[in-house]
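A.B. asks: Dropping a prediction and its sequence here:
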Amino acid sequence: AYFQKNRGKVNKAIDTYQRILKLTKNDSSMYPTLRKKVLMNLADLYYSIGDYKKACKFYLEAIKNYPQSREFTWFLYQAGNCYRHLGSSEEAKRFYAILREKFPQDLWTKLSLVML
């Protein structure tokens, strides 16, 4: 999927990442790092092609399942961005507020200050 993405074959990369998620679903505790990376890559790919609804779904799943992840603030920031693009400014503000409250010094928090 990584190589497909880098070759510009975004839809093929999305399909591959989706298959990996399905294959690891029943054994998610055995593959937490892999699943987190796949969720993040799927979300980022959907975001890059402007499918904010699907991107948001994967960012929210990552937020729910990986709150201790070092990418957690990225997930929050991007979920807020997805909601902003979808026209739901109140939801976007909610995610940006979480960033400001819990991670005041984070880069994504600082960037979120100019989003709304």
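C.D. replies: Thanks, I have it.
A.B. asks: Now for the closest residue to residue 1 other than its chain neighbours, which secondary structure element holds it?
C.D. replies: Once flanking residues are discounted, residue 1 sits nearest to residue 16: 3.7 Å by C-beta to C-beta, 6 or more residues apart in numbering. In this view, the C-beta of every residue, glycine as well, is placed from N, C-alpha and C. With secondary structure defined by DSSP states H and E, residue 16 is part of helix 10-24.
A.B. asks: got the CA positions of the following helix or strand past that helix in PDB?
C.D. replies: Where DSSP H and E defines the elements, the next helix or strand beyond helix 10-24 is helix 32-48. Extracted C-alpha coordinates of helix 32-48, given in PDB (Å, rounded to 0.1, in the frame of the first residue of the first chain):
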ATOM      1  CA  PRO A  32      -1.900  -2.700  17.500                       C
ATOM      2  CA  THR A  33       0.900  -0.800  15.900                       C
ATOM      3  CA  LEU A  34       0.100  -2.100  12.400                       C
ATOM      4  CA  ARG A  35      -3.600  -1.200  12.800                       C
ATOM      5  CA  LYS A  36      -2.800   2.300  14.100                       C
ATOM      6  CA  LYS A  37      -0.500   2.900  11.100                       C
ATOM      7  CA  VAL A  38      -3.100   1.600   8.700                       C
ATOM      8  CA  LEU A  39      -5.900   3.700  10.200                       C
ATOM      9  CA  MET A  40      -3.700   6.800  10.000                       C
ATOM     10  CA  ASN A  41      -2.700   6.100   6.400                       C
ATOM     11  CA  LEU A  42      -6.200   5.500   5.400                       C
ATOM     12  CA  ALA A  43      -7.500   8.600   7.100                       C
ATOM     13  CA  ASP A  44      -4.600  10.700   5.500                       C
ATOM     14  CA  LEU A  45      -5.300   9.200   2.100                       C
ATOM     15  CA  TYR A  46      -9.000   9.900   2.200                       C
ATOM     16  CA  TYR A  47      -8.200  13.400   3.500                       C
ATOM     17  CA  SER A  48      -5.800  14.000   0.600                       C
END
